[in-house]
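Novice: I would like the atomic coordinates for the input below:
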Amino acid sequence: MVNIAEVVKDLQRQREVLNKAIAALTPLTAKNGTGLSSNGARRTLSAAARQKIAAAQRARWARFHATTSAKSGSRRAPKPVRMMSPAARRKIAAAQRARWAKVRQQKAA
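Specialist: Prediction:
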């Protein structure tokens, strides 16, 4: 039989080891592209940097829209609504009436 107290102590020891490992790795990961400094604070961008990013994004969208409108076929046209002719509707309705008449005939028999 397994002693639960020993299992709990073993799990607590493993948790402590993992927490120490995480604590040792945290300063390394915080400096590598997460946007956080070593103390956990977010980096801020200057107004000029935000304006450059916004201008670059506007330029990307302008290039995208220029190429798609110039090709005229690159944007997918909506599917046309498929219309059924009145003759086709009458034919389908007649077939359906015949099917129901057959069902009623089988029930009556």
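Novice: switch to C-alpha atoms for all contacts and neighbour counts from now on
Specialist: OK.
Novice: after the helix or strand where V17 lies, which helix or strand is next?
Specialist: In the assignment (DSSP states H and E), V17 maps to helix 4-30. On the C-terminal side of helix 4-30, the closest following helix or strand by DSSP H and E is helix 47-71.
Novice: mind giving me the packing neighbours of that following helix?
Specialist: Judged by 3 or more Cα pairs under 8 Å, 6 or more residues apart in numbering; DSSP states H and E, helix 47-71 is in contact with no other helix or strand.
Novice: pLDDT on it, on average?
Specialist: For helix 47-71, mean pLDDT is 87.
Novice: same check on stretch 23-30?
Specialist: In this model, stretch 23-30 has an average pLDDT of 75.
Novice: gap between that stretch and the chain center?
Specialist: 30 Å (Cα atoms, centre = their mean, to the nearest Å).
Novice: and the helix holding V17, what does it pack against?
Specialist: On a contact count with 3+ Cα pairs under 8 Å, 6+ apart, helix 4-30 meets no helix or strand.
Novice: report the distance from stretch 97-109 to the chain centre.
Specialist: Centroid separation for stretch 97-109 versus its chain: 50 Å, with Cα atoms, centre = their mean.
Novice: what's the average pLDDT for that stretch?
Specialist: On average, stretch 97-109 scores 93.
Novice: next one: P80 from I92, what distance?
Specialist: 22 Å (Cα to Cα, to the nearest Å).
Novice: looking at these two, which is more packed in?
Specialist: Looking at P80 and I92 with other Cα atoms under 10 Å, you find the greater number of neighbours at I92, namely 12 against 6.
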